[in-house]
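Engineer: Whatever this is, show me its structure:
(one chain, ligands or ions: 1)
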Amino acid sequence: MKTIGMIAAMEVEMQSLRSYIENPVKEVISGITFVSGSLQGNQVVTAVCGVGKVFAALCAQTMILHFNPDMIINTGVAGALCAALPIGSIAVSSAVVQHDMDTSPLGDPVGLISGINKVYIPADNGLSGELSACAKVLGIKTETGVIASGDQFVSSPARKEEIARTFNAIACEMEGAAIGQVCYVNRVPFCVLRAISDTAEGASEIDFPKFVKEAAAQTVTLLLTFLRH
Ligand code: SAH
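Structural biologist: Okay, here's the model as predicted:
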């Protein structure tokens, strides 16, 4: 049976999904609690990695080495970078990018990850397609596109516009592209699934705490539907 890995940054994004796991087994590695078991007939391993790219990478690599997942889904909330994604809607990654990776003074394109020589890390096509199909079945507004990650909570129109324009990105968050990079070098298929908690503009510091819970609930509903099929 395939093992599906699922990583969220914060408890609020994972807690209720975990309550559906049958015969959960807990294991703490490098400070991260991994909970594995059976979920809707699938073997799953879940983790709450913490906020930001370093924790996200640490978690993804540890999950790969200890649990050997066949795929990893990074779930959670994000800020919207386009008008087509209102609060509560869903962004699915076609690719991920690290918007704060910048060696452009040396002539590289902004976002280039030296070593693998890529700006965009492609998500698994099949997985993205299935997740967005599930959202459509549930009647949740969904866009598929580039999701941009960086160690920054984006909350100004200028920075929002800059990230959206530079990378043609639809949503911003702080972990997806780190998990994507780890999955890429380990050849593990991945996808980022995010519900919109804020619009990454002036009001996002007010909207985020207000909507984070209900946005997170959208991804849980969607993942349960995905896992049933
Ligand atoms: N100290 C806070 C930090 C939350 S940071 C806490 O621990 O609760 C915001 C989280 O939500 C990150 O994990 C990020 O992936 C996501 N996120 C939501 N809106 C975002 C935005 N506008 N910019 C960047 N990340 C955002």
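Engineer: what sits up against the longest helix anywhere in the chain?
Structural biologist: Counting residues, the longest helix found in the chain (DSSP state H) is helix 204-228. For helix 204-228, the external contacting residues (CB atoms under 8 Å, 6 or more residues apart in numbering) are 4, 6, 8, 10, 12-13, 16-17, 20, 39-42, 44, 73, 75-77, 79, 87-88, 90, 130-131, 134-135, 137-138, 140, 153-155, 193-199. (Glycine included, C-beta is placed from N, CA and C.)
Engineer: so does that helix get close to the ligand?
Structural biologist: Yes - with CB under 6 Å from any ligand atom as the criterion, the ligand is reached by helix 204-228 at 204, 208.
Engineer: about what we covered before: return only those of the contacts of helix 204-228 found close to the ligand.
Structural biologist: 10, 76-77, 79, 153-155, 197-198.
Engineer: now these as a markdown table including secondary structure?
Structural biologist: Shown next, in a markdown table, are those (DSSP: H, G, I helix; E, B strand; the rest coil):
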| residue | secondary structure |
| --- | --- |
| 10 | coil |
| 76 | strand |
| 77 | strand |
| 79 | strand |
| 153 | coil |
| 154 | coil |
| 155 | coil |
| 197 | strand |
| 198 | strand |
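Engineer: out of the contacts of helix 204-228, which are inside helices?
Structural biologist: 16-17, 130-131, 134-135, 137.
Engineer: The contacts of helix 204-228, buried ones only, as a PyMOL selection?
Structural biologist: Remark: buried members of those, expressed as a PyMOL selection using 16 or more other CB atoms under 10 Å:
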select buried, resi 4+6+8+10+12+13+16+17+20+39+44+73+75+76+77+79+87+90+131+134+135+140+153+154+155+193+194+195+196+197+198+199
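Engineer: Quick check: the residue of the chain nearest the ligand.
Structural biologist: Proximity of the chain to the ligand (CB to the nearest ligand atom) peaks at residue 79, 2.5 Å away.
Engineer: pretty sure that residue contacts residue 200?
Structural biologist: Yes - applying CB atoms under 8 Å, one finds residue 79 in contact with residue 200, separated by 3.1 Å.
Engineer: Residues that sit against both of these two, list them.
Structural biologist: 154-155, 160, 172.
Engineer: Output the residues you listed as CSV; include the columns pLDDT and distance to residue 96.
Structural biologist: As requested, the shared contacts of residue 79 and residue 200 are exported to CSV (pLDDT from 0 to 100; distance: CB to CB, whole Å):
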residue, pLDDT, distance to residue 96
154, 98, 15
155, 98, 21
160, 98, 17
172, 98, 11
